[in-house]
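Novice: The sequence and its predicted three-dimensional model are supplied below.
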Number of protein chains: 4
Amino acid sequence: MIAPPPRPPVGSSSDAPKPLRADARRNRTRILDAAEAVFSEGGAAASTEEVANRAGVAIGTVFRHFPTKTDLLAAIMKELLRRLTDDVRTLDNDGDAATGLFTFFARMVAESAAKRTVVQLLADAGVGVDLGDSVRALQEAVGALLARAQRADVVRADVRLDEVMALLVSTCQGALHAGWDADLQRRTLAVVFAGLRPAPEGTASRR
Amino acid sequence: MIAPPPRPPVGSSSDAPKPLRADARRNRTRILDAAEAVFSEGGAAASTEEVANRAGVAIGTVFRHFPTKTDLLAAIMKELLRRLTDDVRTLDNDGDAATGLFTFFARMVAESAAKRTVVQLLADAGVGVDLGDSVRALQEAVGALLARAQRADVVRADVRLDEVMALLVSTCQGALHAGWDADLQRRTLAVVFAGLRPAPEGTASRR
Amino acid sequence: MIAPPPRPPVGSSSDAPKPLRADARRNRTRILDAAEAVFSEGGAAASTEEVANRAGVAIGTVFRHFPTKTDLLAAIMKELLRRLTDDVRTLDNDGDAATGLFTFFARMVAESAAKRTVVQLLADAGVGVDLGDSVRALQEAVGALLARAQRADVVRADVRLDEVMALLVSTCQGALHAGWDADLQRRTLAVVFAGLRPAPEGTASRR
Amino acid sequence: MIAPPPRPPVGSSSDAPKPLRADARRNRTRILDAAEAVFSEGGAAASTEEVANRAGVAIGTVFRHFPTKTDLLAAIMKELLRRLTDDVRTLDNDGDAATGLFTFFARMVAESAAKRTVVQLLADAGVGVDLGDSVRALQEAVGALLARAQRADVVRADVRLDEVMALLVSTCQGALHAGWDADLQRRTLAVVFAGLRPAPEGTASRR
DNA sequence: AATGAATGAGAATTCATTCAT
DNA sequence: AATGAATGAATTCTCATTCAT
């Protein structure tokens, strides 16, 4: 007579992290790792079967942990966003208001260049994956970094979080194209960073 | 008077634009138009059948003109790149060295925001599609624009074509994400443009 | 720019019987025949692949003709209902008002006993398959038969089409159970028929 | 006082109701209840996992009690048949020879209409489920009821148990189709009952 | 005995591509 | 050249059943 617990809606924020059996937790991790690798290489179009192979589990196991492919994609991306957010917060607490934002920006772009993950996934499968909270968390963390940078007067006061995020995402997305070597990365960021810095004394910034 | 079949352009693999029957040429055009629309809406994952439907031809006809789906994708993108290249050249011949590069940049980003085409395709199917010549042509055209802008002293002398293209692609890719309204577009570009402009007199640009 | 003709909704009554190519029509027939056989034997749970094998076509061909398994089931059942309806109409036009209804009833039960088709399918997959028109057609045809039988005074006047159909379906469904040999069939129908006949003179039918 | 394990009924294949631990017996009951509910709602295609959920046990527990899904289905149906048989016997011992058979018939059909159980299951999974003894028991009980009804002269003498069972199963099966409301049920049964009653005096029943 | 994770064989469906008409 | 039917591999997802904990 007891109704079965309804499957939690995809992407819901109540990620009830109920304690898993040891083997289950081990597999979950393996699957996430495999998925990150597989989707990084092949984009969201890569097959779930390939993920299972790479993780060394049967296909059914993947689907037991992530009932749909979308759930799996969402899980990877949330994990990634969590790591990034932590990273930003650390930079924010570390000190050096002058470089925090730029450091993070550069670091994220570098990582994108190495792994297609973030961006490729955002571009491909972005639709239909609900990441709400995770994205917001990252945004707020970056917001703090930006505020500090502005207080330290290394970023123009009229720059808003909006466009910083936009530039960040854009540059990361760009970074995964063939031909972006470390040098191009540096030079591209140099332009962006120059654009963020305050125009010196008498210079009217033409917007 | 019918021109003799022109020698295939260097580096292209069998573009042989051999003379087509009138109906065939008409179909080719329709297919390209339909494909651009379909792939813009649904990404490279959209089906070739859908393209055929939209073009009002049978599926076989699509494959007669473009032996593989990849060929079709390549053709669309070449066509697009050609249009862009023409656009740049026009701007270059028009005059106003001071604004050409910025105008083109802004125009392309705006178009990206409206149609997913360029970027979506680059992101999705980029792999395996050979666009060599077309991309080079666009790059050279932009290069000319950049050179003029630098001569007019509205872009820093040490900025290279490389990073301009990188910024262009990145920003376009960013532009198709939800939430990029016209205002965000303007503010994001403002940062990039500010980054491209020469640092006024005594300011040392820290790179 | 021309929108593709939308796939007609499942079970819609506009079965646009557009002229098919010869091979396509041949395959369609083969598939329907195979499907009738396969689903008769294994119930609606039988696999579409099995249908394809039996029909001697590839699985894709089955799905080209019937976009979902449900469509295929609906098609079989409509076909069957059509045959039955024709059968009833013939009996209705033939003459002998006294026996028409009983003959049809018996014939249908006999057929059910031989092939599980009708009933099995109705029972299994009935849900979700829209047969509206086809069923109504059969019902009306039987209604005519019933009316004649009542005018000929071989069926009680107070019997309604409703319960005749109910008895028909029930008996057919029963007929496919193991153990229904011809004799049991005859005896079971005898009871039903006796129940339909008018109670003689002074007998009050206790309902 | 606990009864000793009864000797397994003749003809059954290893029903060995060996004494179970208290919790095991409780689980067995819960599983059976859950299974009846689940399969009634979703037909035999419903998943065993769903049964486990509804019963509040793990899937492994279900399979420990019933090694295959078929075993579980068989168990439900046996249980159901047992209840029905008890019901018939009670009616048989109760008195009122004139109405016993009709009452039971009507009651069973009504129950079918409410719960798909009996019939749906018979139709869906009937194949491969061995119910031998249980069915026989029900049949004998109904046979007794029939004999009494015939002795009381409310059922024709030439009606055999065979066809009574056939009518019963058929009508139950029919009863679960959509549209069988209480009224249709009554009218349909009225025809069947009229068919079972003796033809009054001078009327020759045409069989 | 119970638990619940893992397995892996299907099942339905899609789609690029081929080929007979 | 065009048509559109046929092909069949690939993909996502389900579920009965097994097995380690």
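Specialist: Noted; the coordinates are in hand.

Novice: What's the separation between whichever residue of chain A sits closest to DNA strand E and D:Leu80?
Specialist: Residue nearest to DNA strand E within chain A: A:Gly60 (1.9 Å; Cβ to the nearest atom of the strand). (C-beta placed from N, C-alpha, C; glycine too.) Using Cβ to Cβ, to the nearest Å, one gets 33 Å for the distance from A:Gly60 to D:Leu80.

Novice: Which SSE is immediately downstream of the worst-scoring helix or strand of chain A on mean pLDDT?
Specialist: Ranked by mean pLDDT, DSSP states H and E, the weakest helix or strand in chain A is helix A:117-125, scoring a mean of 51. Per DSSP states H and E, the first helix or strand lying C-terminal to helix A:117-125 is helix A:132-151.

Novice: Sticking with A:Leu32, tell me its helix or strand.
Specialist: Using DSSP H and E, A:Leu32 maps to helix A:22-42.

Novice: Could you pull out the helices in chain A for me?
Specialist: A:22-42, A:48-55, A:59-65, A:69-94, A:100-114, A:117-125, A:132-151, A:161-175, A:182-196 (DSSP state H).

Novice: Report how many residues lie close to the residue lying closest to A:Phe63 once chain neighbours are set aside.
Specialist: Once flanking residues are discounted, A:Phe63 sits nearest to A:Thr48: 7.5 Å by Cβ to Cβ, 6 or more residues apart in numbering or on different chains. Residues within reach of A:Thr48, counting by other Cβ atoms under 10 Å in any protein chain shown, total 17.

Novice: repeat for A:Pro67
Specialist: Burial of A:Pro67 is recorded as 13 neighbouring residues (other Cβ under 10 Å).

Novice: related to what we said a few turns ago, show the pLDDT at the residue of chain A closest to DNA strand E.
Specialist: Note for A:Gly60: predicted pLDDT of 96.

Novice: Repeat that for A:Leu138.
Specialist: 80.

Novice: doesn't A:Asp86 make contact with it?
Specialist: No. Applying Cβ atoms under 8 Å as the test, A:Leu138 and A:Asp86 come out as separate, 9.7 Å apart.

Novice: Who has more neighbours out of these two?
Specialist: Using other Cβ under 10 Å, the more surrounded residue of A:Leu138 and A:Asp86 is A:Leu138, with 24 against 13.

Novice: With adjacent residues omitted, what lies nearest to the more buried one?
Specialist: Closest to A:Leu138 by Cβ to Cβ, 6+ apart is A:Thr85, at 4.6 Å.

Novice: burial of that neighbour, as a residue count?
Specialist: With other Cβ under 10 Å as criterion, A:Thr85 counts 19.

Novice: so who does A:Val62 touch?
Specialist: A:Val62 makes contact with A:31, A:48, A:51-52, A:55, A:72, according to Cβ atoms under 8 Å, 6 or more residues apart in numbering or on different chains.

Novice: mind running it again at 10 Å?
Specialist: Neighbouring residues of A:Val62 by Cβ atoms under 10 Å, 6 or more residues apart in numbering or on different chains: A:27-28, A:30-31, A:34-35, A:48-49, A:51-53, A:55, A:69, A:72.

Novice: buried subset of the residues you listed?
Specialist: A:27-28, A:30-31, A:34-35, A:48, A:51-52, A:55, A:69, A:72 (16 or more other Cβ atoms under 10 Å in any protein chain shown).

Novice: A:Ala141 contacts A:Asp86, correct?
Specialist: Yes. A:Ala141 is in contact with A:Asp86 according to Cβ atoms under 10 Å; the separation is 8.4 Å.

Novice: Grab the nearest non-local neighbour of the residue nearest the centre of chain A.
Specialist: The residue lying closest to the centre of chain A (Cα atoms, centre = their mean) is A:Leu81, at 3.9 Å. Excluding the flanking residues, the one nearest A:Leu81 by Cβ to Cβ, 6+ apart is A:Ser134, at 4.0 Å.

Novice: what about that neighbour, how many neighbours?
Specialist: A:Ser134: 20 surrounding residues under other Cβ under 10 Å.

Novice: Pull up the gap between it and chain D, please.
Specialist: 30 Å (Cβ to the nearest Cβ, to the nearest Å).

Novice: Same question for A:Arg26.
Specialist: 20 Å.

Novice: separation between that residue and D:Ala157?
Specialist: Distance from A:Arg26 to D:Ala157, by Cβ to Cβ: 74 Å.

Novice: got the phi/psi numbers for A:Asp153?
Specialist: phi 60, psi 30 (degrees, to the nearest 10).

Novice: Skipping its backbone neighbours, what lies nearest it in space?
Specialist: Leaving out its chain neighbours, the residue that sits closest to A:Asp153 by Cβ to Cβ, 6+ apart is A:Pro198, at 6.3 Å.

Novice: and if you look at A:Ala141?
Specialist: That would be A:Val88: by Cβ to Cβ, 6+ apart, it lies 3.9 Å from A:Ala141.

Novice: How about the contacts made by that neighbour?
Specialist: A:100-101, A:103-104, A:107-108, A:137-145.

Novice: Can you tell me which of those residues are buried?
Specialist: Using 16+ other Cβ under 10 Å, the buried members of the contacts of A:Val88 are A:100-101, A:103-104, A:108, A:137-139, A:141-145.

Novice: how about the residues of chain A that lie near DNA strand F?
Specialist: Proximity of chain A to DNA strand F (Cβ under 7 Å from any atom of the strand) is limited to residues A:21-23, A:47-49, A:59-60, A:63-64, A:67-70.

Novice: Restrict the residues you listed to the buried ones and give me that as a ChimeraX selection.
Specialist: Per 16+ other Cβ under 10 Å, the buried members of those correspond to this ChimeraX selection:
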select /A:48,69,70
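
Novice: about what we covered before: thought the residue of chain A closest to DNA strand E was touching A:Ile31?
Specialist: No. At 11.7 Å, A:Gly60 does not count as touching A:Ile31 under the criterion of Cβ under 10 Å.
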